[in-house]
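>>> Provided below are the primary sequence and the corresponding predicted coordinates.
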Amino acid sequence: MWFARRMLSLVGALALAVSITFVLLRALPGDAITAQMRISGASAGSIAERRTALGLDLPPLHQYIDYWIDAARGDLGVSLIDGQPVTDIIMNQLDSTLLLAASALATAAAFGLLLGCAAGLGGFIVSRTARIVIGLAISVPIYWTGTITLFVFAAQLRILPAIDDGTWRGLVLPSAVLGFHTAGAIARVTWATVRATNTADFVRTARGKGLRESHVILSHILRVGLPAILSVIALQAGFLLGGVVVTETLFSRPGVGRLLLSAALGQDYPVVQGIVLWSAFAYSVVQLLFDAANWLIDPRLRTT
Amino acid sequence: MQQRKLPISISAGIWIMCLFGLGCARAPLLANDTPARHKIVYGLTLQPSGFDPHIHASSELGIPLRQVYDTLVYRDPETQAFVPGLAESWTISPDGLIYTFNLRRDVRFHDGTPFNAAAVGANLDRIVSPDTGSLKAVFMLGSYSGHELVDDYTIRLLLSESYSPLLDSLSQVYLGMASPTAFNAVSRDRYQFHQVGTGPFTFVEYVPGDRLVLRRSADYAWAPPFYRAALGTSVDEVEFRFFTESPATRAIALESGDAQIMGELLPSDARVLTNNSAIRLIPVPVVGQPLQFLMNTGRYPTDDLRVRQAILFGTNREAIVDAVFQRYSPVAWGPLSANSPYYDRGLRGAYAYDPTQARALLEQAGLTDTDNNGFVEAAGVEIVINVIVPPWGLIPEVAQLIQDQWRTIGLRAELMPVPSRNILVETVNQGEYNLVAFYSFGVDGSVLNDYFLSSGSLNWARIGNPDLDNWLMEATRQTDFAARQGLYSQIQRLIMNEAFILPIRDYVNLNGASATLDGVAFDAYGWFPLIPNFTELE
């Protein structure tokens, strides 16, 4: 029952995401080919012909229904520019983005927990420093940090490449930068949770029993806060979707984020819709997984 | 509450998690069987939507593909004159309707397919086929109507009316000769991943958004005269990478050694790089139109010649070139760049900065500052000049400077930034503008047609001038170079007499290259490198 309800809301979310994108894209004037054809000196007649061939002159509602009929069959359409299947275009870029997103999320989780614990449990200096770093992670744009790290680590120190060189070295800077900013919200929640839990009776009891401090933090304080922290990590997966657009562009990496940017600017509707559909799906699946994990971790959820 | 320190074991654990996350990175992508001895990384600064030269339109695709394809004719990089390519010789019928090409007999595509007249015919058929959906190449063929195979190595291109830019088109990579075996083997959208030409480099792979790799061909024996023979130090593998959207990282990639050559550096970065002995700055003028603002003659107040002239006199182009382009670009005075073979020198210095003259012209046009607010009015209504500002080519910086300069002559400018080329075209369609920045590149004078013919697809100055129409059409039909030069001189003078455009600067591509890279040179169009001539200093 729970699963069926979740699946239904997943399908609803996908439909909503694609519908909004569909309307927004078409609310913008212009299309994928008209501008280029005019610049190439094409006559109004040949532009109209090409638009008809691509189905761009059909009423939007007609296009919308066609899109869903094809999508239901697993056909996300083809690029308006050269006819490449959208599924192929996205699949080509997927592994690179998944790798970046996964390593950034791992970095963010680790860094967020560390910063949150430091802010909530550390001494005066440690706590204050951690709070400043959390503030930076939340408020500074990725563009700024990214450019600074590129300048320092690639151009000046020359210890890490500025671009994706196909090895783990090329992944360090982008996942560190994206991870750092994704970590901000995780650290905030961790901080609040551990500070609240730190004064709870059972924690005092645990310390009173003479347990080692690391054991108290890991098994008592974090254990209780984990569901809340996991939820915010899951939410941050959404932040990652936006973050990869900037990070991939800045670090000259291939990926879905950069593809989205160029397809949106080029008004290649099927490609943009395909990416939105795919990211909404990925985001929903991540939420689902984290919910399931919470159910396993938090016994209180199982009893109700 | 007792403050407690974070135990070391926790932080150690977290760092191990971090390292584990990084350790999952994929293995090196390039499984290089025979590593190239002289491999370079070439930074591209646009992400074309695709790389099929017959379909896609980006000028950026020519940077790699110019190395993969030969064309029937070439332009000499120094003289800009046509020289033989895959065609040994050619003749044009007196009426300009038949172009006959005698082809080389010793050429094979990289996949072994022989190059002959049938292959040329197959390429032309592919380009004009509606199924191909060409966004540029087909329109470069002008009035081309079909072809005749005379014998195995002779082909005739037939035109419905005389179209003298045809040779210029045939010298460009968009009409490069591809192996019919290769493009017939895959669907039209797949050919860009499996390209086969006859050029000095073979196509290895294209991974969208990531890289495009070329390797030197060992069998290239039909080079045009300006390609130098391969040396032991010649570059033999090129990996093209994309440094798009963030111009600031281009100089960083050069400095870090991640790229050995890159174009479109920011002028400010170029200035800084001149202090770096490891990097050489190579500014290359690009032939065609300068950065220009087209002035809408169909909308108040730029429908008045005096207002347009006032705008020209009131814009300090020297100051713009100094501040925005760090003096790397020459000031432009007319609709063609100074390195165009059709450039009219007589226009140099036309409408040089003269704010007094500009104010006088505005006053003659009835625009005066009656309420002393510093800006002119007409019949009590404030005058606003709407300027459409695209995001590329430092045009936003130029527009802001112009807005500032016009305060001196009392003209108020309102900038209308647009995010992309598509939105620019749509904003122009709405017609609510006085100035719009747009320009095209090309050696042939016919680059002016789309902008200044009354029927032109980019006639955004809304011009309908019968003399201009006649001269542009005649120059397009006329095949005699001197006669065309004369016509284009008249055309440029008329355009500036009528003040249809505000030219700013000739386009200069600021390339940066590693100091260890020698022989860096570019073709007649300015965008496309002659990579066969690149060598690495040992």
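Looks like it came in fine.

>>> what about the strands in the stretch 301-450 of chain B?
Ranges of strands within the stretch 301-450 of chain B are B:377-378, B:381-382, B:384-389, B:412-417, B:435-437, based on DSSP state E, counting those that start in this stretch.

>>> now the third one: mean pLDDT?
By that I understand strand B:384-389. Here strand B:384-389 scores 97 as its mean pLDDT.

>>> mind listing what the closest residue to B:Pro208 other than its chain neighbours touches?
Sequence neighbours aside, A:Asn92 is the residue nearest to B:Pro208 in space, at 5.5 Å (criterion: Cβ to Cβ, 6 or more residues apart in numbering or on different chains). Just so you know, the C-beta spots here come from the backbone N, C-alpha and C atoms, and that holds for glycine as well. Contacts of A:Asn92 were listed using Cβ atoms under 8 Å, 6 or more residues apart in numbering or on different chains, and they are A:254, B:207-209.

>>> would you reformat the residues you listed as CSV and include pLDDT, neighbour count and secondary structure?
CSV is the format used below for the contacts of A:Asn92 (pLDDT from 0 to 100; neighbours: other Cβ atoms under 10 Å in any protein chain shown; DSSP: H, G, I helix; E, B strand; the rest coil):
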residue, pLDDT, neighbour count, secondary structure
A:Pro254, 88, 24, coil
B:Val207, 90, 14, strand
B:Pro208, 89, 23, coil
B:Gly209, 85, 24, coil
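
>>> show me where the stretch 51-200 of chain B has helices.
B:62-65, B:117-128, B:137-140, B:166-170, B:180-185 (DSSP state H, counting those that start in this stretch).

>>> which secondary structure element is home to A:Leu230?
helix A:222-250 (DSSP states H and E).

>>> do that helix and chain B meet?
Yes. If you take Cβ under 8 Å from any Cβ of the partner chain as the test, helix A:222-250 does meet chain B, through A:249-250.

>>> check which element follows whichever strand or helix holds A:Ala185 along the chain.
Per DSSP H and E, A:Ala185 falls inside helix A:169-198. Following helix A:169-198 in sequence order, the next helix or strand is helix A:201-208 (DSSP H and E).

>>> list the contacts of the closest residue in space to B:Val186 that isn't next to it in sequence.
Nearest residue to B:Val186 in three dimensions, chain neighbours excluded: B:His194, at 5.8 Å (Cβ to Cβ, 6+ apart). Neighbouring residues of B:His194 by Cβ under 8 Å, 6+ apart: B:182, B:185-186, B:203.

>>> quick one: B:His194 from chain A, how far?
For B:His194, the distance to chain A equals 13 Å [Cβ to the nearest Cβ, to the nearest Å].

>>> for B:Asp76, same thing?
26 Å.

>>> residue contacts, that residue?
B:82-83, B:225-226, B:524.

>>> residues of the stretch 151-300 of chain A that sit close to chain B?
Going by Cβ under 8 Å from any Cβ, the residues of the stretch 151-300 of chain A near chain B are A:151, A:154-155, A:158, A:161-168, A:170-172, A:175, A:198-199, A:212-214, A:217-218, A:249-255, A:258-259, A:261-262, A:265-268.

>>> write the PyMOL selection for whichever of the residues you listed are buried.
In PyMOL syntax, the buried subset of those is picked out as below (16 or more other Cβ atoms under 10 Å in any protein chain shown):
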select buried, chain A and resi 151+154+155+161+162+163+164+165+166+168+170+171+172+175+198+213+217+218+249+250+251+252+253+254+255+258+259+261+262+265+266+267+268
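
>>> tell me, how many residues neighbour A:Leu98?
Look at A:Leu98: counted by other Cβ atoms under 10 Å in any protein chain shown, it has 14 neighbours.

>>> next: the one 4 residues further on.
Taking other Cβ under 10 Å as the criterion, the count of residues near A:Ala102 is 14.

>>> state whether it is indeed within a helix.
Yes. Counting by DSSP: H, G, I helix; E, B strand; the rest coil, A:Ala102 is found in a helix.

>>> need the pLDDT of it.
92.

>>> which members of the contacts of B:Asp76 are classed as buried?
B:82, B:226, B:524.

>>> ok, so of those, who is nearest A:Gln36?
B:Ala524 (23.9 Å; Cβ to Cβ).

>>> now do the contacts for the closest one.
B:75-77, B:80, B:287, B:443.

>>> closest to B:Asp518 out of the residues you listed?
Minimum distance to B:Asp518 across the contacts of B:Ala524 is 16.4 Å, recorded for B:Pro77 (Cβ to Cβ).

>>> would you agree that closest one is in contact with B:Asp523?
Yes. At 5.2 Å, B:Pro77 counts as touching B:Asp523 under the criterion of Cβ atoms under 8 Å.

>>> so what sits against both of these two?
B:Leu530.

>>> more crowded one of these two?
B:Asp523 (22 against 19).

>>> before we move on, back to that, and the contacts of B:Asp76, which of them are in strands?
Among the contacts of B:Asp76, the ones falling in strands (DSSP state E) are B:82-83.

>>> possible to save the contacts of B:Asp76 as TSV with pLDDT?
Formatted as TSV, the contacts of B:Asp76 follow (pLDDT from 0 to 100):
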residue	pLDDT
B:Phe82	97
B:Val83	97
B:Pro225	92
B:Phe226	95
B:Ala524	96
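
>>> okay, the contacts of B:Asp76 in a markdown table with distance to B:Leu291 next?
Output for the contacts of B:Asp76, formatted as a markdown table (distance: Cβ to Cβ, whole Å):
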| residue | distance to B:Leu291 |
| --- | --- |
| B:Phe82 | 28 |
| B:Val83 | 30 |
| B:Pro225 | 33 |
| B:Phe226 | 29 |
| B:Ala524 | 20 |
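
>>> quick check: beta-bridge partners of B:Tyr99?
For B:Tyr99, the residues forming beta bridges with it (DSSP bridges) are B:Ile92, B:Leu157.

>>> ok, it touching B:Trp90?
Yes. Contact status for B:Tyr99 versus B:Trp90: in contact at 6.3 Å, counting by Cβ under 8 Å.

>>> residues of the stretch 351-500 of chain B that sit close to chain A?
Going by Cβ under 8 Å from any Cβ, the residues of the stretch 351-500 of chain B near chain A are B:419-427, B:429, B:440, B:449-450, B:456-458.

>>> show me which of these are buried.
Buried, going by 16+ other Cβ under 10 Å: B:420-427, B:440, B:449-450, B:456-458, out of these.

>>> ok, back up a step: which strands and helices lie in contact with the helix holding A:Ala185?
Using 3 or more Cβ pairs under 8 Å, 6 or more residues apart in numbering or on different chains; DSSP states H and E, the elements in contact with helix A:169-198 are helix A:86-121, helix A:124-139, helix A:142-149, helix A:222-250, helix B:8-23.

>>> please identify the most buried of the ones you listed.
helix A:86-121 (a mean of 23; mean count of other Cβ atoms under 10 Å in any protein chain shown).

>>> distance between it and the chain's centre?
With Cα atoms, centre = their mean, to the nearest Å as the basis, helix A:86-121 stands 8 Å off its chain's centre.

>>> what angle separates that helix from helix A:222-250?
Helix A:86-121 runs at 130 degrees relative to helix A:222-250, counting by axes from the mean of the first three to the mean of the last three Cα atoms, to 10 degrees.

>>> next, the angle helix A:169-198 makes with helix A:86-121.
Going by the same axes, to 10 degrees, helix A:86-121 makes 40 degrees with helix A:169-198.

>>> okay, and the beta partners of the nearest residue to B:Gly121 once chain neighbours are set aside?
The spatially closest residue to B:Gly121, leaving aside those adjacent along the chain, is B:His147, at 5.2 Å (Cβ to Cβ, 6+ apart). B:His147 has these beta-bridge partners by DSSP bridges: B:Leu157.

>>> and the average pLDDT for stretch A:147-159 is what?
Rounded mean pLDDT across stretch A:147-159 is 89.

>>> contacts for it?
So stretch A:147-159 is contacted by A:160-162, A:173, A:176-177, A:250-251, B:246, B:248-249, B:251-253, B:255-258 (Cβ under 8 Å, 6+ apart).
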